[in-house]
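[1] the sequence and its predicted three-dimensional model are supplied below.
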Amino acid sequence: MQIQNILVVCIGNICRSPMAEFFLKKNHPNLHIESAGLSAMVGHAADSKAIDCMIDKTIDMHSHVAKQIDADLIKAADLILVMSSNQKKHLEQTWPYAKGKVFRLGHWQDQNVPDPYKLDQAFFKQTCNNIESYVSDWQSHI
């Protein structure tokens, strides 16, 4: 199947999933890529620490606005990338038709992406670097 629509999911949709979304958009400008949160901070911008990390990577994330995941986003996605095994399990239990298209972002390195929310800039930077690495692992599969 040709992947056209990618959904990236985390909890609040202000740290991890927006970073992954914007890395994916940079690598795949012709695809529809968006992100959402399981308990999104709806209407909020990306966390300023995440924005700073992405600026260091020459990616501007100021346009991001957090949104809540819903059935329409799940149905429209060809590939759903989550941050942890628990998030994968939650999505597949809540929306059983998502099974088979939900993977951890760190799937190829068998890694979860720990939440940097309210942690220091150094942790955000490490998280950003990990997300960049995990996104590049998906390059040959998208």
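    Looks like it came in fine. Residues are numbered from 1 along each chain as shown.

[2] pLDDT weak spots in the protein?
    For the chain, the stretches with pLDDT under 70 are 1.

[3] need the contact list for the spatially most central residue of it.
    The C-alpha lying nearest the average C-alpha coordinate of the chain belongs to residue 17 (CA atoms, centre = their mean; 2.7 Å). Taking CB atoms under 8 Å, 6 or more residues apart in numbering as the criterion, residue 17 is in contact with 8, 9, 10, 35, 36, 37, 83. Where C-beta positions appear, they are placed from N, C-alpha and C, glycine not excepted.

[4] now residue 7. Its backbone dihedrals?
    Recorded main-chain torsions at residue 7 are phi -120, psi 130, according to degrees, to the nearest 10.

[5] for it, give its distance to residue 76.
    In this structure, residue 7 lies at 8 Å from residue 76, with CB to CB, to the nearest Å as the measure.

[6] part of a helix, is residue 59?
    No - secondary structure assignment (DSSP: H, G, I helix; E, B strand; the rest coil) places residue 59 in coil, not in a helix.

[7] please name the nearest non-neighbouring residue to it.
    Closest residue to residue 59 in three dimensions, ignoring its sequence neighbours and counting by CB to CB, 6 or more residues apart in numbering: residue 22, at 5.1 Å.

[8] pull out the buried positions in stretch 30-47.
    Neighbour-count burial for stretch 30-47, counted by 16 or more other CB atoms under 10 Å, picks out 31, 33, 34, 35, 36, 37, 38, 40, 41, 45, 46, 47.

[9] which SSE is the fourth one in?
    Same thing as residue 35. Applying DSSP states H and E as the criterion places residue 35 in strand 32-37.

[10] how far is the longest helix seen in the chain from where the chain is centred?
    Here the longest helix in the chain is taken by residue count, with DSSP state H as the criterion, and it is helix 121-138. Distance of helix 121-138 from the chain centroid (CA atoms, centre = their mean, to the nearest Å) equals 11 Å.
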